[in-house]
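Colleague: need coordinates for the below:
(chains A and B)
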There are 2 protein chains.
Amino acid sequence: MKTVKVLASASVANLVCGFDVLGMALEAPADEMTISLTNTPGLKIVHDDPFGLPEDPEKNVSGAALLAMMKELDPGTGFFLRVNKRIKPGSGLGSSAASSAGAVAGANALLDNRFSSEDLVRFAMSGEKLASGVKHADNIAPCIYGGVTLIRSILPLDIVRLSFPELFVTVVHPQIEVKTSDARQILRKEVLLKQAIKQWGNIAGLVAGFLQKDYGLIGRSLEDVIIEPVRSILIPGFAEVKEKCIAAGALGGGISGSGPSVFMLSVEQRTAKRVADLMEEVYSRLGIEYKIYVTKIDERGIKIDEVLQHE
Amino acid sequence: MKTVKVLASASVANLVCGFDVLGMALEAPADEMTISLTNTPGLKIVHDDPFGLPEDPEKNVSGAALLAMMKELDPGTGFFLRVNKRIKPGSGLGSSAASSAGAVAGANALLDNRFSSEDLVRFAMSGEKLASGVKHADNIAPCIYGGVTLIRSILPLDIVRLSFPELFVTVVHPQIEVKTSDARQILRKEVLLKQAIKQWGNIAGLVAGFLQKDYGLIGRSLEDVIIEPVRSILIPGFAEVKEKCIAAGALGGGISGSGPSVFMLSVEQRTAKRVADLMEEVYSRLGIEYKIYVTKIDERGIKIDEVLQHE
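Modeller: Down below sits the predicted model:
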């Protein structure tokens, strides 16, 4: 039984001004899983984590992604997946994307990489569809490719990898629940053209900032006039955290995906750590449990290691 | 009397998906002017072109720009400006921007460049305000800086120069009138969030395409789902020209500024010429007079030469 071990990173979708089109992979946290090619046709999933997720493949995000892949495989194919989720579901850190993308990337390694990375994105989007009702790739693409990715279009899929300068990322996950589907529903279906223009000026600036390694431009472009004003209402402490972190030297930041996690980018590691202290202060005072990560942009994408078998 | 000769380029604002934030300078056509520092305080303007533009400085776009600059100068300062417009007003090729930007850049040269390029953009926007009722910089910035520019923000002014690969530009100016103010009025004040997301995916793609010199990505990103569907109605032959030019190998293109000019980008000069032939065919058949330019992106910005005086 051939088995691989998979590490699939958390990711920050939207990157403030790039709602639904930009995403960035993080070095930590990451979901761990092992997947094996079995002699029994079909799919079996076991969770080794405390989140009580359904193990029925059709109701499991990894399962939905793998089933989408298995439609294009010999019906005799079988997989056994063990998942140890380290990215808490509902954190806004691409938890469902990591499970979906990790599962199909691991399966693909077992199949001698017969599918392209783009195929994997396509399969993994079935996991996202199950999790949030919408096929989106702004967590999946960075999780699979690593780094910062632009999803210019979903249909047809057009993923662009963007180069970026060294950056430290501080993330706080206040332990409150914000459902992606709720976070989508509170958005207005129409936006002012004037605001949209501001937003596309900022996303153009952010992309140029990453590619030209212009920290100042990155900072100035991390502004969201459309989504953040609505969604941030769901996140206690948001305005205070943002203001204090930027005052302490962070380039900028905002809601990670649909929240409740909040991220900040810093040029220096010591700033990223100071930002972590400030986040801690705010949420301790508010009496909200939290988890904080000081990490970097993950450059590698999904990490796969073959597990040696002693038979 | 110190005099300089100025060449101020035409420009393509919006670049299809970057409404109000992107612009690109062209090598041709360009407005020609001479400006002199005089002993008579105040401003005198003479036009050597056939367009019947007002020579009263307060009603003239170069005048409005220069008057904005002169507010920050010694009240005894005087200028004499002769303008030979080669960019037809109302073409959608940044005619008013060239006149405004050229005048203040020329004046600045006479003043030993005491103002920054950003100051010049600020002054020239007063010309745009007179011409179209709105202070915008998406023609002025490329005209002054050359190349492709992003205006991330007007207030405060944040101009970003973007590098770009070699490209040929074909422009057709069908000789019909589209007023910038009318072209603005027909736009809806609200847009669907779904469409705005598509648009910012495209602008991010276009910026990445320019910076990464990825012709395919530039072509795929030259799509405007918000402005073009409305404004193209004002331009006879638009859909046919666009379809045929892309079929003939152009990367893509669309309305230049608020029209009626239409531009297409090509990797090869012979494609750009073939595109010109196709544009000619369409407008000849429609019985609409036209002017066509096959040119390149201007890299230099405003060209200023000192005029030697024989006194």
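Colleague: what packs against the helix or strand of chain A with the lowest mean pLDDT?
Modeller: Lowest on mean pLDDT, DSSP states H and E among the helices and strands of chain A sits helix A:180-185, with a mean of 75. Other elements packing on helix A:180-185 under the criterion 3 or more CB pairs under 8 Å, 6 or more residues apart in numbering or on different chains; DSSP states H and E are helix A:117-132. Just so you know, the C-beta spots here come from the backbone N, C-alpha and C atoms, and that holds for glycine as well.
Colleague: so what touches whichever helix or strand comes after the helix it packs on?
Modeller: Downstream of helix A:117-132, the next assigned helix or strand under DSSP states H and E is helix A:140-145. Contacts of helix A:140-145 with the rest of the structure, by CB atoms under 8 Å, 6 or more residues apart in numbering or on different chains, involve A:8-9, A:11-12, A:23-25, A:94, A:97-98, A:100-102, A:105, A:117, A:120-121, A:124-125, A:128, A:148-149, A:151, A:159, A:161, A:298, A:301-302.
Colleague: quick check: domain ranges of chain A?
Modeller: Residue ranges for the domains of chain A, per automatic domain parsing: A:3-163+A:298-306, A:168-296.
Colleague: pLDDT on the first one, on average?
Modeller: Yep, that's domain A:3-163+A:298-306 we're talking about. In this model, domain A:3-163+A:298-306 has a mean pLDDT of 96.
Colleague: one more: stretch A:222-242?
Modeller: Here the average pLDDT along stretch A:222-242 is 95.
Colleague: how far off centre is that stretch?
Modeller: Chain-centre distance of stretch A:222-242: 18 Å, with CA atoms, centre = their mean, to the nearest Å.
Colleague: start to end distance for stretch A:82-89?
Modeller: 16 Å (CA to CA, to the nearest Å).
Colleague: chain B contacts on the stretch 1-150 of chain A?
Modeller: A:Cys17, A:Gly18, A:Phe19, A:Asp20, A:Val21, A:Leu22, A:Leu150 (CB under 8 Å from any CB of the partner chain).
Colleague: which of the contacts of helix A:140-145 fall in helices?
Modeller: Among those, the ones falling in helices (DSSP state H) are A:Ala97, A:Ala98, A:Ser100, A:Ala101, A:Gly102, A:Ala105, A:Ser117, A:Leu120, A:Val121, A:Ala124, A:Met125, A:Glu128.
Colleague: name the nearest of these relative to B:Lys198.
Modeller: A:Met125 (17.3 Å; CB to CB).
Colleague: excluding chain neighbours, what is closest to that closest one?
Modeller: Leaving aside its sequence neighbours, A:Met125 sits nearest to A:Lys135 (CB to CB, 6 or more residues apart in numbering or on different chains; 4.3 Å).
Colleague: cool, A:Asp49 as well?
Modeller: Nearest one to A:Asp49, counting by CB to CB, 6+ apart, is A:Lys85 at 4.3 Å.
Colleague: can I get the host helix or strand of A:Gly216 in PDB, CA atoms only?
Modeller: Following DSSP H and E, the helix or strand that holds A:Gly216 is helix A:215-221. Coordinates of each C-alpha in helix A:215-221 appear next as PDB, following Å, rounded to 0.1, in the frame of the first residue of the first chain:
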ATOM      1  CA  TYR A 215       6.800  47.900   0.300                       C
ATOM      2  CA  GLY A 216       5.400  51.400   0.500                       C
ATOM      3  CA  LEU A 217       3.100  50.800  -2.400                       C
ATOM      4  CA  ILE A 218       2.000  47.500  -0.900                       C
ATOM      5  CA  GLY A 219       1.100  49.300   2.300                       C
ATOM      6  CA  ARG A 220      -0.800  52.100   0.600                       C
ATOM      7  CA  SER A 221      -2.700  49.600  -1.500                       C
END
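Colleague: any of the ones in helices among the contacts of helix A:140-145 buried? List them.
Modeller: Among the ones in helices among the contacts of helix A:140-145, those buried by neighbour count (16 or more other CB atoms under 10 Å in any protein chain shown) are A:Ala97, A:Ala98, A:Ser100, A:Ala101, A:Gly102, A:Ala105, A:Ser117, A:Leu120, A:Val121, A:Ala124, A:Met125, A:Glu128.
Colleague: for the closest residue to the fifth one other than its chain neighbours, which residues are in contact?
Modeller: The reference is to A:Gly102. Nearest in space to A:Gly102, with sequence neighbours left out and distances taken as CB to CB, 6+ apart, is A:Ala8 at 3.0 Å. Neighbour list for A:Ala8: A:Ala30, A:Asp31, A:Met33, A:Ala98, A:Ser99, A:Ala101, A:Gly102, A:Ala105, A:Cys143, A:Ile302 [criterion: CB under 8 Å, 6+ apart].
Colleague: three-state assignment of A:Gly257?
Modeller: Three-state call for A:Gly257 (DSSP: H, G, I helix; E, B strand; the rest coil): coil.
Colleague: what's around it, how many residues?
Modeller: By the criterion of other CB atoms under 10 Å in any protein chain shown, A:Gly257 has 29 neighbours.
Colleague: how far away is it from A:Phe210?
Modeller: 18 Å (CB to CB, to the nearest Å).
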